[in-house]
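**Student:** Structural data only, the sequence is not supplied:
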């Protein structure tokens, strides 16, 4: 049950990021379908690949006082968008690194706030 809640929370956060960030948009499909697909892929990446990427980036995170974790989040968002477009045909377009960086920050903030509201 916990994964389903994480998936829903991440889908809501992805929808907010798509709505707020100008260079992070949906082309050719619905916002709901894209945010659900992106939420699923992001949740799977958060469980599987992201802990390994964060463990490998510990030296850089120490040097940058933890700011490098934002870069790891941005790279995971790029990976999730690529997978969601490839598997589900989500139609998600990221115009540049700045848009992905802002979207990863928005997704992190909204997901943590929504998780607190849900009580997970």
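**Tutor:** Now that the structure is in, tell me what you want to look at. Predicted model, so just to flag it, every value in this text is computed and none were measured.
**Student:** Using the three-state scheme, assign the most centrally placed residue in the chain.
**Tutor:** Centrality entry for the chain: nearest residue to the mean C-alpha point is residue 77, 4.5 Å, by Cα atoms, centre = their mean. Classification of residue 77 by DSSP: H, G, I helix; E, B strand; the rest coil places it in helix.
**Student:** Could you tell me how far it is located from residue 59?
**Tutor:** Taking Cβ to Cβ, to the nearest Å as the measure, residue 77 falls 22 Å from residue 59. C-beta: built from backbone N, CA, C; applies to glycine.
**Student:** Identify the residue spatially nearest to residue 61, adjacent ones excluded.
**Tutor:** Closest residue to residue 61 apart from its sequence neighbours, by Cβ to Cβ, 6 or more residues apart in numbering: residue 68 at 4.5 Å.
**Student:** how about that neighbour, what does it touch?
**Tutor:** When contacts are counted by Cβ atoms under 8 Å, 6 or more residues apart in numbering, residue 68 touches 57, 60-61.
**Student:** Cool, thanks, talk later.
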